[in-house]
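Trainee: Provided below for reference: sequence and predicted model.
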Amino acid sequence: MLAVSNIEELVRRSNLLGSDRTIANQGGGNTSMKGLTIDHAGREVSVVWVKASGADLASITEPGFPALGLDDLRLLLERDEMSDQEMLEYIRSCALDSNAPRPSIETLLHAFLPATHIDHTHPDAVIALTAIPSGRELAEGVFGDEALWIPWKRPGFALAKDIAVAIAEQPAVRAVLLEKHGLITWGETSDEAYSSTLEFAKRAADALSEVSAGDVILGGEAVSPVSEEVANALLAVALPALRGAVLADRQGVVLEVDRSDEARVFASSRRGPDVSQIGSPCPDHLINTKHKPLAIEFDPYREDAEGLARKLRNGVEGYSAWYREYYERNMTDESREFAIDPAGPRVVVIPGVGIVTCGSDAGQARFSCDLYRRAIAVESAADAAGGFSSLTEQEAFEIEYWPLERYKLAQAPPGGELAGKIALVTGGASGIGRAAARRLAELGAHVAVADVNVEAAAAVADEIVVAHGLRRAVHVPVDVRDEHAVEAMVRQTVLEWGGIDIVVCSAGIATAAPVTETSMADWNRNHEILARGYFLVAREVFRVMQRQGQGGSVIFIGSKNALVGGANASAYSSAKAAGLHLARVLADEGGPFGIRVNTVNPDAVIEGSGIWSSDWKATRAVAYEVSEDDLPAFYRERSVLKVKVYAEDVAEAIAFLAGPRSQKSTGNIINVDGGVSAAYPR
């Protein structure tokens, strides 16, 4: 007799399973528990708690397990057939809480089987075992009557009923092997179910090891993996070309480079790239990696970075053509309601280098990376044990464009205006640069926070990561006066995410003195940071943006002083004027490449500014014959709008120029100064 249940043990078991990615894919698999609970009317009812669709076992908590009326679900065993839509509507009608998350698409599998605790996972070893030609024969030899082999069928009502009927006819069965899909185990206690999952996964792995003993993995090396230094030199040039090609039919994309041992061995092996083209090992994989990756032919010992860039551009073009044909060739009435995905690859295999994955943001790129590592493990093991086979193209398409799987993808929150864009902000540790970094991240951009103050830049980047997620910001040390430091800054940003779309030149300094008292050191420092520094950053970024071939936005932070003469600031004002005119020149140069260059001119942004915490504030107070405390009020009253200007106000203008709302604007100046009549552009 079931007792009123506490599902903490289900949560604990699920978290344990999810913590081992060789057992459970991120976001994949499902677990359940049957028991009694109290419904809305105070009645004791039998329920099954099933993992919510798309939830991750590693981090799931109690709210992630909706409770469903068990008796009503089991009535479906009397049905002969049921469409996916009918199944989905019926399952939702069985939920005790109408506001609970949508249950797993494999809910009926859990409801139909009699065991109290059930696990459906995707162990690498089991998927590999069920993906080799001799897999069924090998499984029968290893498991005998303990495991039931179920040929591939898309999840849903029919598969759930087939399994339930088969198990009822073979009561000695302890597990189900789903061909090219995964493993189902169960127990009357949570520990029994968990132990059974681990046992069958290990027995499958041992069987594969025995069959493949002595075999060279994937035929051995075709080319030796290159060093980190060589790989970075290749990727610094090639990644923008790859990203630009992938961006051709997307608004934004972020790359991740995987140079783990597994990735380098697979990409550099004799058979790995060819095996990758057979198809995806598992439905959970292909939703995030597509049916197959782009695998290019490349020899890093005979070809250079430009050659790699060229092969990646051509490869993406060919892959996109294949994917469009694949979509048209496999179109069904069911899938017709879904527009084609962006046609470029999600995974790219580069011999000697490793794997590169693509995503709409850094989290998605990492997700694809993690799943493809699992694909590598499966394909390598299967190849060694007799040869890897995948779902057919039609079967893969029916999963990729299956409405119930499309629902999972639709759960992702909509991206912001700058989703998938990559921004580099110099002077990002304080003041306007910090406000710009925060605002661009709020709008979806991935932000490299660059500053000579490394500790403060790291604090800003960490803040953005906490607020917006994994890899959404990094800090980069830079002295913009140093040509090599600027090159290293741009290179690091490219290696982190694949390219650059937005640059904000905000590194700044200000000194004030009558011209007769202006030292060469002050003169040179102003011009080195505010003119030379802007030039060096723009030059390196132009090179990346031209290689991407998808345009970009460069934003200089100028000053009211760039337009208005003023006493006692000759070094600062002339340097700002030089930067302003440089922006005009670069707007002309960038136009043919779709690179826009604009300037934002702030004035008197005092709070939170590194410049205004220096001697600049005191010297400006002397120049205007007011106290330092009265200086903010002086600037406010000088403006026609009678307002104070904050860094966040300037950041809004930067965000406008960075994004699509200003896509037809270049060579422009936006004053954010409350209205200083003398500084009106003309």
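Mentor: Great, that's in hand.
Trainee: and the residue lying farthest from the centre of the chain, which of the three is it?
Mentor: Relative to the C-alpha centroid of the chain, counting by Cα atoms, centre = their mean, Thr516 is the outermost residue, at 55.0 Å. Of the three states, Thr516 takes helix according to DSSP: H, G, I helix; E, B strand; the rest coil.
Trainee: Ser570 versus that one, what's the distance?
Mentor: 10 Å (Cβ to Cβ, to the nearest Å). Every residue, glycine included, has its C-beta placed from N, CA and C.
Trainee: the helices in the stretch 501-650 of the chain, which residues?
Mentor: Per DSSP state H, counting those that start in this stretch, the stretch 501-650 of the chain carries helices over the ranges 520-527, 533-548, 570-590, 615-623, 631-638, 647-658.
Trainee: can you give me the angle the second one makes with helix 520-527?
Mentor: Computed with axes from the mean of the first three to the mean of the last three Cα atoms, to 10 degrees, the direction of helix 533-548 lies at 30 degrees from that of helix 520-527.
Trainee: what mean pLDDT does helix 533-548 have?
Mentor: Computed over helix 533-548, the mean pLDDT rounds to 98.
Trainee: Which of the helices of the stretch 501-650 of the chain sits closest to Asn330?
Mentor: Asn330 sits nearest to helix 533-548 of all the helices of the stretch 501-650 of the chain, at 31.6 Å, using Cβ to Cβ.
Trainee: Show me what counts as buried in that closest one.
Mentor: 533-538, 540-542, 544-548 (16 or more other Cβ atoms under 10 Å).
Trainee: what helices or strands is it leaning on?
Mentor: Contacts defined by 3 or more Cβ pairs under 8 Å, 6 or more residues apart in numbering; DSSP states H and E place helix 533-548 against helix 228-246, strand 422-426, helix 483-497, strand 502-505, strand 552-557, helix 570-590, strand 595-602.
Trainee: what does that helix rub up against?
Mentor: 237, 240-241, 243-244, 247, 309, 424, 426, 480-481, 483, 486-487, 489-490, 494, 499-501, 503, 505, 507, 551-552, 554, 556, 579, 582-583, 586, 589-590, 593, 595, 597 (Cβ atoms under 8 Å, 6 or more residues apart in numbering).
Trainee: buried stuff in stretch 268-288?
Mentor: By neighbour count on 16+ other Cβ under 10 Å, the buried set for stretch 268-288 is 268-273, 275-276, 278-288.
Trainee: again, but for stretch 557-569
Mentor: Ile557, Gly558, Ser559, Lys560, Asn561, Ala562, Leu563, Val564, Asn568, Ala569.
Trainee: From these, pick the one nearest Glu637.
Mentor: Lys560 (15.1 Å).
Trainee: The stretch 1-150 of the chain: strands as residue ranges?
Mentor: Counting by DSSP state E, counting those that start in this stretch, the stretch 1-150 of the chain has these strands, from start to end: 30-38, 44-50, 67-69, 117-121, 147-150.
Trainee: Of all those, which one comes closest to Gly386?
Mentor: strand 147-150 (16.1 Å).
Trainee: any idea of the mean pLDDT in the closest one?
Mentor: Rounded mean pLDDT across strand 147-150 is 96.
Trainee: and the next helix-or-strand element following that strand, what other elements does it pack with?
Mentor: Downstream of strand 147-150, the first helix or strand assigned by DSSP states H and E is helix 157-169. Other helices and strands packing on helix 157-169, by 3+ Cβ pairs under 8 Å, 6+ apart, are helix 107-112, strand 147-150, strand 175-178.
Trainee: go with 10 Å
Mentor: Applying 3 or more Cβ pairs under 10 Å, 6 or more residues apart in numbering; DSSP states H and E, one finds that helix 157-169 contacts helix 84-93, helix 107-112, strand 147-150, strand 175-178, strand 182-187.
Trainee: which of those sits most buried?
Mentor: helix 107-112 (a mean of 27; mean count of other Cβ atoms under 10 Å).
Trainee: Going along the chain, name the helices of the stretch 301-450 of the chain.
Mentor: Counting by DSSP H, counting those that start in this stretch, the stretch 301-450 of the chain has helices at residues 305-330, 362-384, 393-400, 403-410, 431-442.
Trainee: Show me the one of these that comes nearest Ala147.
Mentor: Among the helices of the stretch 301-450 of the chain, helix 362-384 sits nearest to Ala147 (Cβ to Cβ), with 17.8 Å.
Trainee: what pLDDT, on average, does that closest one get?
Mentor: In this model, helix 362-384 has a mean pLDDT of 95.
Trainee: ok, back up a step: among the buried residues of stretch 557-569, which two are most distant?
Mentor: Distance extremes for the buried residues of stretch 557-569: the farthest pair is Ile557 and Asn568 at 21.4 Å, using Cβ to Cβ.
Trainee: For the stretch 101-250 of the chain, which residues score under the pLDDT cut-off?
Mentor: Applying pLDDT under 70 to the stretch 101-250 of the chain picks out residues 213-215.
Trainee: Ok, the stretch 501-650 of the chain next?
Mentor: Along the stretch 501-650 of the chain, the model assigns pLDDT under 70 to residues 605-625, 628, 630-632, 635.
Trainee: what do you get if the cut-off is 80, keeping everything else the same?
Mentor: For the stretch 501-650 of the chain, applying pLDDT under 80 flags the ranges 566, 604-639.
Trainee: How about the stretch 251-400 of the chain?
Mentor: For the stretch 251-400 of the chain, no range has pLDDT under 80.
Trainee: got the buried residues for the helix or strand harbouring Ala207?
Mentor: Applying DSSP H and E as the criterion places Ala207 in helix 190-212. For helix 190-212, burial by neighbour count (16+ other Cβ under 10 Å) applies to 190, 192-194, 196-198, 200-201, 203-205, 207-208, 211-212.
Trainee: Please apply the same query to stretch 512-530.
Mentor: Going by neighbour count (16+ other Cβ under 10 Å), the buried part of stretch 512-530 is Ala512, Ala513, Thr518, Asp522, Trp523, Arg525, Asn526, His527, Glu528, Ile529, Leu530.
Trainee: and what of stretch 120-137?
Mentor: Across stretch 120-137, burial judged by 16+ other Cβ under 10 Å covers 120-132, 135.
Trainee: how far does stretch 669-679 stretch from start to finish?
Mentor: Counting by Cα to Cα, to the nearest Å, the length from the leading to the trailing residue of stretch 669-679 is 11 Å.
Trainee: Check the gap between Gly318 and Gly279 for me.
Mentor: For Gly318, the distance to Gly279 (Cβ to Cβ) stands at 17 Å.
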